[in-house]
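# any chance you can model this:
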Amino acid sequence: MPLIIGLMVAAIVLAIAAKRARQINDMIHGVRDQALLTMQAPQIAQITSTKPLTLALEEIAGGDVSYERTKDSYK
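Residues are numbered from 1 along each chain as shown. Below is the predicted model:
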């Protein structure tokens, strides 16, 4: 039984990480589009060098992301 619970927890964490990574990706694209107008290339590379999924997993590990269980999904 503990293996099943572990797999369920892993699935929840992955779903949350994927959703947060999409949010971060959208945010980075918006920042990058604005940055193209005002920043130098090295500065743009610096703010977009970390992958969104890596950032999402770091936020989850740091306890910076929470979730709320809804009927069919997580938000």
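# now for this protein, the helix or strand with the poorest mean pLDDT.
Using mean pLDDT, DSSP states H and E, helix 41-47 stands out as the lowest-scoring helix or strand of the chain, at a mean of 61.
# which residues sit against whichever helix or strand comes after that helix?
Using DSSP states H and E, the helix or strand that follows helix 41-47 towards the C-terminus is helix 52-61. Under the contact criterion C-beta atoms under 8 Å, 6 or more residues apart in numbering, helix 52-61 has outside partners Val13, Ile16, Ala17, Ala18, Arg20, Ala21, Arg22, Ile24, Asn25, Ile28, Val65. Backbone N, C-alpha and C define where each C-beta goes, glycine included.
# quick one: mean pLDDT over helix 52-61.
Averaging pLDDT along helix 52-61 yields 86.
# quick check: buried residues in it?
Buried residues in helix 52-61, counted by 16 or more other C-beta atoms under 10 Å: Pro52, Leu53, Leu55, Ala56, Leu57, Glu59, Ile60.
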